[in-house]
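Novice: Mind folding the following:
(chains A and B)
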Amino acid sequence: GAVVSQHPSRVICKSGTSVKIECRSLDFQATTMFWYRQFPKKSLMLMATSNEGSKATYEQGVEKDKFLINHASLTLSTLTVTSAHPEDSSFYICSARDRNRAFGNTIYFGEGSWLTVV
Amino acid sequence: GDSVTQMEGPVTLSEEAFLTINCTYTATGYPSLFWYVQYPGEGLQLLLKATKADDKGSNKGFEATYRKETTSFHLEKGSVQVSDSAVYFCALSDLSWGKLQFGAGTQVVVTP
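Specialist: Model (predicted):
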């Protein structure tokens, strides 16, 4: 079946540094990818919608200068957390929409990436 | 705006017990409804879905029926196994975008 891969699965970084998380669709083309954030024992919060070849659309309250999203190809979107702070520590999950399948069967999630900022 | 409300957990059951997780939603249009499952340390997997009123989604012994009159999409399984221990998320989505609005999630713990 369709697979979405995230990398790295776990990352620890120091406060003030930047960290990049990749989301790849391995066997399908994804014109649209979504980035979610999940706090411990909480639900997923949509951060932004990533569209191939154009700027990402951010949800209200999400700092676009802090969470940089790039969707340079039909199979890759990246989330860069800039000048990371401990409060950015979270579980980040991406999902990708298969452009070639009917809706309802098109959304696939990555395995998620644990970010810890120390 | 659209929202999803799930029953709070954790729900602790014995193996072979009946499981129900309540989910209700509010939406301005006619959303599609989903149940996702998250096993410990993993990402999300689609469990089942329903795209219109009265549709029943089913998978791995789980079922949920899209009830427009009660705006509900309750998840049920007749006989749970230890391997069903996970967090279950109810979600809705607008057809045109694919953005998902999630409920808070319900942790289910099944004991032998």
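Novice: Which elements pack onto the worst-scoring helix or strand of chain A on mean pLDDT?
Specialist: Within chain A, no helix or strand scores below strand A:107-109, which has a mean of 83 by mean pLDDT, DSSP states H and E. Contact partners of strand A:107-109 among helices and strands, from 3 or more C-beta pairs under 8 Å, 6 or more residues apart in numbering or on different chains; DSSP states H and E: strand A:90-97, strand B:44-50. From N, CA and C alone the C-beta is placed, and that goes for glycine too.
Novice: Please indicate which of the ones you listed has the most neighbours on average?
Specialist: strand A:90-97 (a mean of 24; mean count of other C-beta atoms under 10 Å in any protein chain shown).
Novice: Put the alpha carbons of it into PDB.
Specialist: Below are the C-alpha coordinates for strand A:90-97, written out as PDB (Å, rounded to 0.1, in the frame of the first residue of the first chain):
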ATOM      1  CA  SER A  90       6.400  17.700  20.300                       C
ATOM      2  CA  PHE A  91       5.400  14.900  18.000                       C
ATOM      3  CA  TYR A  92       5.100  16.100  14.400                       C
ATOM      4  CA  ILE A  93       3.100  14.100  11.900                       C
ATOM      5  CA  CYS A  94       2.700  14.700   8.200                       C
ATOM      6  CA  SER A  95       0.100  13.300   5.900                       C
ATOM      7  CA  ALA A  96       0.000  13.200   2.100                       C
ATOM      8  CA  ARG A  97      -2.800  13.200  -0.300                       C
END
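Novice: Identify all contacting residues around it.
Specialist: A:4, A:6, A:21, A:23, A:25, A:28, A:30-40, A:44, A:77, A:79, A:106-110, A:112-115, B:43-44, B:98, B:100 (C-beta atoms under 8 Å, 6 or more residues apart in numbering or on different chains).
Novice: try 7 Å
Specialist: Applying C-beta atoms under 7 Å, 6 or more residues apart in numbering or on different chains, the contact partners of strand A:90-97 are A:4, A:6, A:21, A:23, A:25, A:30, A:32-39, A:44, A:77, A:79, A:106-110, A:112-115, B:43-44, B:98.
Novice: mean confidence score for stretch B:74-83?
Specialist: For stretch B:74-83, mean pLDDT rounds to 97.
Novice: From the chain's centroid, how far away is that stretch?
Specialist: Here stretch B:74-83 is found 11 Å from its chain centre; the criterion is C-alpha atoms, centre = their mean, to the nearest Å.
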